[in-house]
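1. what follows is a predicted structure for the sequence shown.
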Amino acid sequence: MRLGYLGPKGTFSYEACKKYDKNAEFIQYRTITETIDGLDKLDVDEVIVPIENSIQGGVTETIDKLINSNNIFIKKEIILNISHNLMANKKYNLDEIKEIYSHPQALAQCRGFIEENLKDAIINEVSSTALSAKEVKNKDNVACIANLSCSTEYNLEIIRENIQDNNLNKTKFWILSKQKNISGNKMSMIFATKHIPGALYNVLGIFNNNKINLTKIESRPAKTSFGEYYFLVDLEVNKNIQKAISELENECQFLKILGIY
């Protein structure tokens, strides 16, 4: 089985791959968008992508790509504990570090540590934590924030471990497939309401009337007109789900079922 992920080796997506299926052939991509495109083109059988962090919230690149992707479905979710670590090509003192590389989410999750210890360092955002490790291995006085396994993968020294601002830091990943599950306890969907007063209230009322518990609701700009939004919803499936979907199809301007899992 070919499993696509946000590379290079050492990313948290890579760790999620190993947790999901260590015997798969791992195919790395440069961005989340390219990862999902790889599945769409059938270059891989499944992909793993981050969808939500317990501190920073939804991963917008994943959400935006799924809004515009067809016939791609959630197969399963995996949750990883996230630990961020400061590493470099040798053991520098904190005041010797002039630049930091990492993914924007990792930088945001370590903002307190950076402001307290590295406030004068130049911040460089890259597409993955593992790429940040690859970037700094031949640069002096430059550090990265990355997964602990990157220290072995890229021969880096660990300067500080567990520098995240919250030790309850977790990231949820979705395994995506072209094959649709037919059963499961959880469902995710994206919808947009009609542009009339009370439209969102009416949609949420459908879930309430069918006794469906929403475990998450998040909005994303539709990028069509200011004030227009898509809503990503996770919910618990019950016996009324098909009735609710039929009612949502009549009430929503846009509705996409991302999967049952």
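-> Cool, the structure landed.
2. quick one: the strands in the stretch 1-150 of the chain?
-> With strands called from DSSP state E, counting those that start in this stretch, the stretch 1-150 of the chain shows them at 2-6, 25-29, 46-53, 57-58, 73-81, 85-88, 99-102, 122-125, 142-146.
3. out of these, nearest to His195?
-> Evaluated over the strands of the stretch 1-150 of the chain, closeness to His195 peaks at strand 57-58, with 23.5 Å, by Cβ to Cβ. To be clear about C-beta, it is placed using only N, CA and C from the backbone, and glycine gets the same treatment.
4. residue contacts, Tyr229?
-> Tyr229 sits next to 192, 219-222 when contact means Cβ atoms under 8 Å, 6 or more residues apart in numbering.
5. got any ranges where the stretch 51-200 of the chain has weak pLDDT?
-> Judged by pLDDT under 70, the stretch 51-200 of the chain has no weakly predicted residues.
6. make it 80
-> 55 (pLDDT under 80).
7. and the contacts of Tyr229, which two are furthest apart?
-> Ala192 and Pro221 (11.0 Å).
8. which neighbours do those two share?
-> 228-230.
9. please tell me the pLDDT value assigned to the residue positioned nearest the centre of the chain.
-> In the chain, the C-alpha nearest the mean C-alpha coordinate belongs to Pro50, at 2.3 Å (Cα atoms, centre = their mean). Pro50 carries a pLDDT value of 95.
10. please report how far it lies from Thr11.
-> To Thr11, Pro50 is 9 Å away according to Cβ to Cβ, to the nearest Å.
11. tell me how many other residues surround Ile190.
-> Ile190 has 19 neighbours, counted by other Cβ atoms under 10 Å.
12. start the count at 338 instead of 1 going forward.
-> Understood, numbering begins at 338; the last thing we discussed is Ile527.
13. gap between the residue nearest to the centre of the chain and Ile400?
-> From Pro387 to Ile400 the distance is 11 Å (Cβ to Cβ).
14. returning to what we had before: point out the most buried one among the strands of the stretch 338-487 of the chain.
-> strand 479-483 (a mean of 28; mean count of other Cβ atoms under 10 Å).
15. Ala529 and Pro558: which is more packed in?
-> Ala529 (22 against 13).
16. how many other residues sit next to Asn550?
-> Applying other Cβ under 10 Å, we find 11 residues neighbouring Asn550.
17. residue contacts, the residue nearest to Tyr342 when sequence neighbours are not counted?
-> The shortest distance from Tyr342 to any non-neighbouring residue, by Cβ to Cβ, 6 or more residues apart in numbering, is to Ser350 (4.3 Å). Residues near Ser350 by Cβ under 8 Å, 6+ apart: 342-344, 372, 385-387, 465, 510.
18. what strand or helix carries Glu586?
-> Assigned by DSSP states H and E, Glu586 falls within helix 578-588.
19. show me what that helix is packed up against.
-> strand 523-530, helix 536-546, strand 589-597 (3 or more Cβ pairs under 8 Å, 6 or more residues apart in numbering; DSSP states H and E).
20. dump it to CSV, restricted to CA.
-> Taking Å, rounded to 0.1, in the frame of the first residue of the first chain, the C-alpha atoms of helix 578-588 are listed here in CSV:
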residue,chain,number,x,y,z
ILE,A,578,-28.4,10.7,10.1
GLN,A,579,-29.8,10.0,6.7
LYS,A,580,-33.0,12.0,7.5
ALA,A,581,-30.8,14.9,8.7
ILE,A,582,-28.7,14.8,5.5
SER,A,583,-31.8,14.9,3.3
GLU,A,584,-33.0,18.0,5.3
LEU,A,585,-29.6,19.6,5.0
GLU,A,586,-29.6,19.1,1.3
ASN,A,587,-32.7,21.2,1.0
GLU,A,588,-31.6,23.8,3.5
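21. show me what counts as buried in that helix.
-> By neighbour count with 16 or more other Cβ atoms under 10 Å, helix 578-588 contains the buried residues 578, 581, 584-585, 588.
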